[in-house]
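Peer 1: Could you look at this predicted model? Sequence included:
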Amino acid sequence: MKHSVSTIFIVLLLLSCCRNKQLESSKIDSTCPTTFVNKEWNGVNLVATSSQIDSSAISPIVNLNANSVAIIPFGFIRSGKSNVEYNLEWQWFGEKKIGTIEQIQLAKNAGLKVLLKPHLWLHDGWVGDLEFTTEEDWANFEKTYTTYILDFAQIADSMKVEFYCIGVELRKVSTQRPDFWIQLIEKVRAIYSGKLTYAANWDNYEKIAFWDKLNYIGIDAYFPISEEKTPTVEDLIKGWETDFNQLKARSKQENKPVIFTEFGYRNIDFVGKEPWTTSGNASNNTEAQNNAYKAIFCKFWNESWFTGGFLWKWYPAHSKAGGKENNRFTPQNKPIEKVIRTQYLKSK
């Protein structure tokens, strides 16, 4: 068969491109360690359900090679109010005290460590924007929030939960009322003997004044790291550089390890631009999600000052969760699940 010069040129060009991509991939792989520092926390954030669950909801987490699970009992603040409500009749079973206790026991029966992470939910906004204009409302919030946190701290201690979080993404409350948090930590330590953290939003962890009172610097790690539609692993690793250095410096300054109380990426275009976004997006970009997870593992999981994290998020009904056509945060039943399973096994 005869081939024209142009055809041969095109074939050679394609072979060259493939070769360059292989070399680029090898270069990236060579910068990532093949063995990793053992991580204290390779976990998932478990989504609460409206009804009871059983061990079948926990076994897929074990199969992911996770060693821990975050359990999240929600509290609520109604529109225009300042008091924290929780363990309410209308709440989902998994959000109440009885459901929390059952989930903790199921996790422990499966050999998983537990992070108990009470999380406030506002009916009309993001909890990071929560603040009050009168001292009366501030006092009412602090009183009821303390009751909420201490109630679950007692559960945590009675069930020998290894790790407790005193707050999540309370961006304004954490910086405007630092004395309240110091007093709260003292009260929690009086009844709970495990390790403590606070889950700061990625953009204000440097403003938290009470890290010295806790065991870990906890961060919900949705840092913007790329403007590209489908960034490469190498692009994303470079995009981490500034925040990586700042996190490492803060860890050294506080003499505390860093933990990602939440981390994760959707399978969408521009995955690293605004990783926190939950808004609808018609795109479905598996490659971008895979690269984003690979980059965060490569950059952080071999650092001695970094102690692991809890991916966002994991549904108890595993067989029905996620899937390739789903572009939300869950990695379940998507190609990225294999990447996570391999990484968690490496760093167990």
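Peer 2: Structure's in. What do you need?

Peer 1: Scan this protein for its longest strand.
Peer 2: Determined from DSSP state E, the single longest strand within the chain is strand 306-314.

Peer 1: partner strands of that strand, parallel or antiparallel?
Peer 2: Strand 306-314 sits in its sheet next to strand 41-46 (parallel), strand 258-263 (parallel), going by DSSP bridges.

Peer 1: would you say Trp121 is within a helix?
Peer 2: No. Applying DSSP: H, G, I helix; E, B strand; the rest coil, one finds Trp121 to be strand, outside a helix.

Peer 1: Mind pulling up the pLDDT for it?
Peer 2: You'll see Trp121 listed with a pLDDT of 94.

Peer 1: Ok, Glu162 next?
Peer 2: Confidence score, pLDDT, at Glu162: 98.

Peer 1: Kindly report the same for the one 10 residues further on.
Peer 2: Listed pLDDT for Lys172 reads 96.

Peer 1: any idea which element it lies in?
Peer 2: In this assignment (DSSP states H and E), Lys172 forms part of helix 171-176.

Peer 1: other SSEs contacting the next helix-or-strand element following that helix?
Peer 2: Moving toward the C-terminus from helix 171-176, the next helix or strand (DSSP H and E) is helix 178-191. With contacts defined as 3 or more C-beta pairs under 8 Å, 6 or more residues apart in numbering; DSSP states H and E, helix 178-191 has these neighbours: helix 135-158, strand 163-168, strand 195-201. Every C-beta, even on glycine, is put in place using the N, C-alpha and C of the backbone.

Peer 1: Walk me through which strands the second one pairs with, and which way each runs.
Peer 2: Pointing back at strand 163-168 there. strand 113-116 (parallel), strand 195-201 (parallel).

Peer 1: what's next to the shortest one, contact-wise?
Peer 2: Going back to what we said before, that points to strand 113-116. Residues outside strand 113-116 that contact it (C-beta atoms under 8 Å, 6 or more residues apart in numbering): 41, 43, 67-71, 73, 100, 104, 107-108, 152, 155-156, 159, 161-165, 261, 310.

Peer 1: now swap in the longest one and tell me
Peer 2: Applying C-beta under 8 Å, 6+ apart, the external contacts of strand 195-201 come out as 117, 128, 162-169, 171, 174, 181, 185, 188-189, 208, 210-211, 213-220, 222, 259, 261-262.
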